[in-house]
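Undergrad: Model the structure of this input:
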Amino acid sequence: MRWPHCLGLPALVLAGCATPPEGQVVLLPERDGRATAVVVTQAQQSLTLDQPYAAARLTSRGPQPYRATAEAVRGQFGAALDALPAPPERFTLYFIEGRDELTDDAKATLNAVLAAVARRPLPDVRVVGHTDTVGSDAINDPLSRQRAEVVRRALLAREVAAENIRVAGRGKREPVVATADGVAEPRNRRVEVEVR
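TA: Got it, this is the predicted structure:
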């Protein structure tokens, strides 16, 4: 489950004081453009924020809606926004049929993976190998893992720490293109890499 991006100033409550909670909540746009929403509840009243920069002030009368702007949010929450991690980057590397050898195009994509890793001070890299549906699980399971290991070795050669790389093989269980058993589909012979 992914949570929407929202910024809020914590409600300030002083013990023994009748001062109502104060603060605000602002719904930020998702980087990938997906629609999200958040429900703000206060003083037995609820308000749904479901558009980018929809906002609520917390008052003694409950949440009061208003519209924030990107500039105002940047001005008020700039330090918090700058501290957010970069979104994950995803890459797909394709392999030659029946082998753990990258296609020529995938070799160029591997350079993009390495560049993405280099941009992060503490990269977390997930590498998952896959096969097409040609062959049995006994053949495809190790082959998918070998393909993932090819990418892992390339990362290690560029001095990415081993503890920052997680590797798995899925065999033919998660095809991108659904095919009958025994079909040599090039888009299924792949390694998916996620760099966080």
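Undergrad: Asp82: what's it in contact with?
TA: The contact partners of Asp82, by CB atoms under 8 Å, 6 or more residues apart in numbering, come to none. Bear in mind the C-beta positions are built from the backbone N, C-alpha and C, glycine included.
Undergrad: all strands in the chain, in order from the N-terminus.
TA: In the chain, the segments counted as strands under DSSP state E are 6-8, 23-27, 38-42, 45-49, 54-59, 62-67, 89-94, 125-129, 165-169, 190-195.
Undergrad: Which parts of the chain belong to which domain?
TA: 6-83, 89-195 (automatic domain parsing).
Undergrad: got CSV for those domains, with mean pLDDT too?
TA: Shown next, in CSV, are these (pLDDT from 0 to 100):
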stretch, mean pLDDT
domain 6-83, 82
domain 89-195, 96
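Undergrad: gap between stretch 135-150 and the chain center?
TA: Mean C-alpha position of stretch 135-150 versus that of the full chain (CA atoms, centre = their mean, to the nearest Å) differs by 26 Å.
Undergrad: List just the one of the strands of the chain that sits closest to Ile139.
TA: Evaluated with CB to CB, the strands of the chain place strand 165-169 nearest to Ile139, the distance being 11.7 Å.
Undergrad: who does that closest one touch, helix- and strand-wise?
TA: For strand 165-169, the elements it packs on are strand 125-129, helix 137-157, judged by 3 or more CB pairs under 8 Å, 6 or more residues apart in numbering; DSSP states H and E.
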